[in-house]
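A.B. asks: coordinates for the following, if possible.
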Amino acid sequence: MEQTGFRAFLKKKNVNITVQTYLIDALGAMAFGLFASLLIGTIFATIGEKSGIEVFTTIADYAKSATGAALGIAIAHALKAPQLVLFSAATVGIAGNALGGPVGALVATVVATELGKLVSKETRLDILITPGVTIISGVLIAQFVGPGVARFMDAFGMMVKTATEMQPFFMGILVSALVGIALTLPISSAAICIALSLDGLAGGAATAGCCAQMIGFAVLSFKENGVGGLLAQGLGTSMLQMGNIVKNPRIWIAPTLASMVTGPVATVVFRMTNIPAGSGMGTCGLVGPICVYTSMGGGAKMWLGILLVCFILPAIFTMAFGVILQKIGWIKDGDLKLDL
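C.D. replies: You can find the predicted model right below:
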């Protein structure tokens, strides 16, 4: 009875302890928080630097400084936090991001939000108790786990970047394929790349993989989805295809194989680099190519690399692999149809 009562209390408070809640919903929400602060700030910074218009640089500074707060609010919103918990999550996100980066913000905000939800509206002093519990627990968690999380993510990211520098061909294939797959899955490849500080050649490989998935699915499904689908996937997200992938996983083969080709082209041929903010974005809002420009600074080789790696080669190779898969009956008409 006690366990049943506790479960009923959790259900009443909308606390759902599941992988879906914490590793998909919350992690996915991080992407929105990052885009509304760090990512858009990076774009404005690039515009300000290249144009010499100071107002863009000023806007960029403010946007970037809001990263922690944006993460906290985005994650708490994904967890369906009540108002006082939601607003208090801004402080938690700042502490978590400052002490443990985006993953630190994720851990601290998840714990603080769930504890805040448990006490929300349970006392007459709700206006003090709820934000107090949320902020105190979140900051303590940030202090306790943040530095360790930051060290682990930095070390892991450095290992990936070093391995890519040492073996650009094979790691170009691996990083491109894995990050591209993460972009299409209902998780955030952008959050992963930023958490790992994935820049340099590894960032370039990640960019190639993300672009291959987005442009690949866009052109592969053009017959079924037309211009609307082309833009929704090519400039939006390949995640739109997840429902179709569940029905027929073989439709994922063509863009994934394309990413395994474009990855080493990016790392070996063009020595393409990117910054963490753009590595996991692909062609979404053209953020990936814009951040490649931010990282590399221009030049004919860079522009040719962006054109080929981000747009032309993903389209060509995905279509080529797609034709083969259609001929052997692994992909059929209607398999990639979206409800747009």
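A.B. asks: from now on I want contacts and neighbour counts done on CA atoms only, so please keep to that.
C.D. replies: OK.
A.B. asks: report the separation between R250 and T207.
C.D. replies: Using CA to CA, to the nearest Å, R250 is found at 23 Å from T207.
A.B. asks: that should have said G228, apologies.
C.D. replies: From G228 to T207 the distance is 23 Å (CA to CA).
A.B. asks: who has more neighbours out of these two?
C.D. replies: Using other CA atoms under 10 Å as the criterion, G228 and T207 rank with T207 on top: 40 against 13.
A.B. asks: hmm, the more buried one is touching C284, no?
C.D. replies: No: in this structure T207 lies outside contact range of C284 using CA atoms under 8 Å: 10.8 Å.
A.B. asks: tell me which other helices or strands the strand or helix carrying F156 touches.
C.D. replies: Using DSSP states H and E, F156 sits within helix 126-166. Here helix 126-166 touches helix 83-119, helix 168-184, helix 200-220, going by 3 or more CA pairs under 8 Å, 6 or more residues apart in numbering; DSSP states H and E.
A.B. asks: tell me the most buried of those helices?
C.D. replies: Highest mean neighbour count of the helices and strands packed on helix 126-166: helix 200-220, a mean of 35 (counted as mean count of other CA atoms under 10 Å).
A.B. asks: what helices and strands are in contact with it?
C.D. replies: Other helices and strands packing on helix 200-220, by 3+ CA pairs under 8 Å, 6+ apart, are helix 126-166, helix 168-184, helix 222-234, helix 253-264, helix 276-279, helix 313-327.
A.B. asks: same thing but 10 Å
C.D. replies: helix 126-166, helix 168-184, helix 189-195, helix 222-234, helix 253-264, helix 276-279, helix 287-296, helix 313-327 (3 or more CA pairs under 10 Å, 6 or more residues apart in numbering; DSSP states H and E).
A.B. asks: helices or strands next to the third one in the packing?
C.D. replies: This means helix 189-195. With contacts taken as 3+ CA pairs under 10 Å, 6+ apart, helix 189-195 sits against helix 26-34, helix 83-119, helix 126-166, helix 168-184, helix 200-220, helix 276-279.
A.B. asks: state the mean pLDDT of that helix.
C.D. replies: Per-region confidence: helix 189-195 scores 85 on mean pLDDT.
A.B. asks: same question for the fifth one.
C.D. replies: Mean pLDDT, taken over the full extent of helix 253-264, equals 97.
A.B. asks: Throw the helices and strands packed on helix 126-166 into CSV and include distance to V292 and mean pLDDT, thanks.
C.D. replies: What follows is the helices and strands packed on helix 126-166, written out as CSV (distance: least, CA to CA, whole Å; pLDDT from 0 to 100):
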stretch, distance to V292, mean pLDDT
helix 83-119, 21, 94
helix 168-184, 15, 94
helix 200-220, 8, 96
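A.B. asks: where does the protein dip in pLDDT?
C.D. replies: Residue ranges of the chain with pLDDT under 70: 1-4, 340.
A.B. asks: Serialize the helices and strands packed on helix 200-220 to a markdown table and add fields for distance to T109.
C.D. replies: Output for the helices and strands packed on helix 200-220, formatted as a markdown table (distance: least, CA to CA, whole Å):
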| stretch | distance to T109 |
| --- | --- |
| helix 126-166 | 6 |
| helix 168-184 | 22 |
| helix 189-195 | 15 |
| helix 222-234 | 31 |
| helix 253-264 | 33 |
| helix 276-279 | 21 |
| helix 287-296 | 27 |
| helix 313-327 | 37 |
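A.B. asks: which of these sits closest to M214?
C.D. replies: For M214, the closest of the helices and strands packed on helix 200-220 is helix 222-234, at 5.0 Å, according to CA to CA.
A.B. asks: ok now do T318, which residues does it touch?
C.D. replies: 212-213, 215-220, 252-259 (CA atoms under 10 Å, 6 or more residues apart in numbering).
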